[in-house]
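**Q** Show me the folded form of this:
(chains A and B)
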Protein chains: 2
Amino acid sequence: MNTIENIIIIGGGPAGHTAAIYAAKALLNPLMLEGFMAWGVPPGGQLTTTTEVENFPGFPEGVGGLELMKRMRQQSINHGTRIETITVESVDLNKNPFKIIAGGKEYLTKSLIVATGATAKRLRIPGENKLWQRGISACAVCDGGLPIFREQRLVVIGGGDVACEEALYLTKFGSEVIMLVRRDEFRASKAMQERVFKHEKITIMRNTEALECIGEKVLEKLKIINNKTQEESTLECKGLFYAIGHQPNTEFLQGQIAVDQEGYIITEKGSPKTSVKGVFAAGDVQDKVYRQAITSAGVGCMAALEAEKILEEQREKEK
Amino acid sequence: MNTIENIIIIGGGPAGHTAAIYAAKALLNPLMLEGFMAWGVPPGGQLTTTTEVENFPGFPEGVGGLELMKRMRQQSINHGTRIETITVESVDLNKNPFKIIAGGKEYLTKSLIVATGATAKRLRIPGENKLWQRGISACAVCDGGLPIFREQRLVVIGGGDVACEEALYLTKFGSEVIMLVRRDEFRASKAMQERVFKHEKITIMRNTEALECIGEKVLEKLKIINNKTQEESTLECKGLFYAIGHQPNTEFLQGQIAVDQEGYIITEKGSPKTSVKGVFAAGDVQDKVYRQAITSAGVGCMAALEAEKILEEQREKEK
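**A** Next up is the predicted model:
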């Protein structure tokens, strides 16, 4: 028979690791399934695709996203967390202990923390699939430094903070960066807008959408449309970077816990509790408002503390 | 006429500094009033009275409480936060801009984040006031190393995690540490209980309460009672450390925002919003459940992001 774990944590971003640190310090002997390039992202989550993190408190000079996640992972291990680099395929939450299938193996656990985050969205326009990773990317920071993009015209799609960050990052490599913004306005914070507006290498095209990616072996052109005038045109570019929002990574739950229309796990307000007792959610998988490393970490801590309470209850019942 | 600030943050703990970092990065030019030994605690808050912080994510080998707060304070400053080391005396939240009185000066602000934390409770038993800081302390970590406590019998009152931590800390200095626990059980986590139970220098007295502090110039004895048998006795000791919970630091608000029976600021669940629009609360002043540095920091971030939204709304109205 399989061992029954006290607590399994799915996901190894700031939420998952903070949960692991707290669970390990509470001697719950947590097991983390951090994923193997789950949803296309390395263990550590979205922060691993960021360069400098300036707003995580405790690092006055900033800290690299990858470095911060390495530090959190080491801290989880130092306190006794066991980490397996495999991706969860499915779960069965119908009864406790819950069943988790990952890497073809079956795991049983008394409590579960889902901290799988969210994934960058794609446009799904013609040519996108064919040219994906051949000039098209959803992560400027991961791919922007590749030789094919050096001194080329690069395009970023999106008008949020991330889009602005990616555009600014790409100015290091490209000769020119064009931002396509669907609406008349940016969603980005004033601070970020100001930074892109005043950057000499960045050009903004408002009311503009991409229609098709064109190229033989690599991206060469982008067909675009001005959605006010309906005028179509072609934009030569060697790089296209998507920054148009995220999709929560919840499909493996197959509707076994309540999610909203967009797929985000529904939690009790101000709590990591989901619709299934003993299952908690933390980080971007349940947060479409704040989405910060520090807010994710806070909820990860809450999830571990709530899991500890549930486990204590279970122990008392078993007496 | 006074300058009207965008945002004033009262308090300089993890919640206050995370709010400041986010507000500063959003170019809101925040002003922090961190307090001058407000509620008896140095700027930085309760963490400054802790030794090692092992569970703040990002520090695999742990970090000193004081060091962590120095780092956060420096980060706030690096991003442009102005910090004044004065204590807020009163506020007028009846209309916007809000009025803050501190150090005899008047400040005006469009938004306010209250992150004043909570203060250790006292028992208010006879002899306590007279002998306060003459053998009695609410902070083992601050005072435990004083010469008067060396190789002496020391007493800790409380049965929570903090009480256990303080008892363990005091074993470094005292010859013996006695924990008085009012109930039959500890509130502390299993992990902490285990650590105190197996420590050879720590003795536990359950169902026991302190009745009176006795001593001429310094604490010499403690009168105690077993609340099951009603038997009174006298315990010789040179040090008495309170670890019996906290009082939220909200009296300066004088009922101008909604607080609960214990004085904690009531916020919308899962949000830093208080009963007054434009006033936000973060950290232990509004949290009696989790009370962790990382959860406080998370809510501090949320408070800054919400304040930014409110200020944006105000700007649009003014157009």
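
**Q** does the closest residue to chain B within the stretch 151-300 of chain A count as helix, strand or coil?
**A** Closest contact between the stretch 151-300 of chain A and chain B, by C-beta to the nearest C-beta, is at A:Gly298 (2.4 Å). Glycine gets a C-beta too; all of them are placed from N, C-alpha and C. Classification of A:Gly298 by DSSP: H, G, I helix; E, B strand; the rest coil places it in helix.

**Q** What about it, how many residues nearby?
**A** 33 (other C-beta atoms under 10 Å in any protein chain shown).

**Q** Next: the one 3 residues further on.
**A** Using other C-beta under 10 Å, A:Cys301 has 28 neighbouring residues.

**Q** Show me which residues of the helix or strand that it is a member of are buried.
**A** A:Cys301 is part of helix A:293-318 when elements are defined by DSSP states H and E. Buried positions in helix A:293-318, judged by neighbour count with 16 or more other C-beta atoms under 10 Å in any protein chain shown: A:293-308, A:310-311.

**Q** Same check on stretch A:82-99?
**A** By neighbour count with 16+ other C-beta under 10 Å, stretch A:82-99 contains the buried residues A:83-84, A:86-88, A:91, A:93, A:96-99.

**Q** what's the answer for stretch A:68-84, then?
**A** Buried, per 16+ other C-beta under 10 Å, within stretch A:68-84: A:68-73, A:75-77, A:79, A:81, A:83-84.

**Q** Point out the least confident one among those.
**A** Among those, A:His79 has the lowest pLDDT, at 93.

**Q** Touching, it and A:Ile21? I think so.
**A** Yes - the pair A:His79 and A:Ile21 passes the contact test of C-beta atoms under 8 Å, sitting 5.6 Å apart.

**Q** what sits in contact with each of the two?
**A** Residues touching both A:His79 and A:Ile21 by C-beta atoms under 8 Å, 6 or more residues apart in numbering or on different chains: B:Glu54.

**Q** pLDDT at A:Thr116, what is it?
**A** pLDDT, read off for A:Thr116, is 97.

**Q** Is the closest residue to A:Ala167 other than its chain neighbours in a helix, a strand, or coil?
**A** Setting aside the residues directly before and after it, A:Ala167 is nearest to A:Val156 in space (C-beta to C-beta, 6 or more residues apart in numbering or on different chains), at 4.5 Å. State at A:Val156, reduced to three classes by three-state DSSP: strand.

**Q** right, and the helix or strand after the longest strand seen in chain A?
**A** The longest strand of chain A (DSSP state E) is strand A:105-114. Next along the chain after strand A:105-114, taking DSSP H and E as the criterion, comes strand A:118-120.

**Q** what about the helices in the stretch 151-300 of chain A?
**A** Assigned by DSSP state H, counting those that start in this stretch, the helices in the stretch 151-300 of chain A fall at A:161-170, A:190-197, A:293-318.

**Q** tell me which parts of the stretch 1-150 of chain A are close to chain B?
**A** The stretch 1-150 of chain A comes close to chain B at residues A:14, A:17-18, A:21-22, A:25-27, A:54-61, A:63, A:68, A:71-72, A:74-75, A:78-79, as judged by C-beta under 8 Å from any C-beta of the partner chain.
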